[in-house]
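[1] Take a look and give me a structure for this.
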Amino acid sequence: MQQVLGVLLGLLLLPLAFLLRGLTFIFRLLEGKLFSDGSIDTKVNYELVKSDLQYLSQDIDTHRCSKCGVEAQGLSWYHFRSSDASWRHLAGREGFYSKCPKCNATINSIVTVMN
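    Numbering: from 1, shown residues only. Okay, here's the model as predicted:
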């Protein structure tokens with residue numbers, strides 16, 4: 001019985017996740033953060049990244065700049081999405097990356113969606 005309820009709950013939450021992704025896309029379009037080729041490169045809040053990556057069991061608190069030691073909370077986090085053409089050619093990528101605000105080094109990139 002618990003397994004059935006778990007499956008039903010999962011089936012109900014999945015459309016909600018897609019709806020939220022769609023709303024995020026629309027808000028970025030309205031903000032002008034969507035480029036003409038369909039790609040996205042937007043600065044986002046650290047807490048948004050942390051909450052979005054929980055389902056991947058990613059612990060971003062361990063990420064830090066190897067050059068100057070800035071911790072994850074102090075890094076600049078960005079959401080990226082490759083162009084529409086890359087998705088049509090089955091090479092699309094979406095996720096997050098971080099940069100150090102002190103030394104401008106790209107620290108890491110985390111792909112959350114790919115085709």
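[2] now the protein, which segments are flagged as low pLDDT?
    1-36, 55-58 (pLDDT under 70).
[3] surely Phe80 meets Tyr97?
    Yes: with contact defined as C-beta atoms under 8 Å, Phe80 reaches Tyr97; the gap is 6.1 Å. Bear in mind the C-beta positions are built from the backbone N, C-alpha and C, glycine included.
[4] intersection of neighbour lists for these two?
    Ser109 (C-beta atoms under 8 Å, 6 or more residues apart in numbering).
[5] Stretch 92-103: end-to-end distance?
    Across stretch 92-103, the terminal residues are separated by 29 Å (C-alpha to C-alpha, to the nearest Å).
[6] For it, which outside residues touch it?
    For stretch 92-103, the external contacting residues (C-beta under 8 Å, 6+ apart) are 40, 44, 49, 52-53, 63, 65, 67-68, 70, 72, 74-82, 86, 105-115.
[7] In PyMOL, select just the buried ones from the residues you listed.
    Filtering the contacts of stretch 92-103 down to the buried ones (16 or more other C-beta atoms under 10 Å) takes a single PyMOL command:
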select buried, resi 40+44+49+52+53+63+65+70+72+75+77+78+79+80+81+82+86+107+110+112
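[8] Done for today, thanks.
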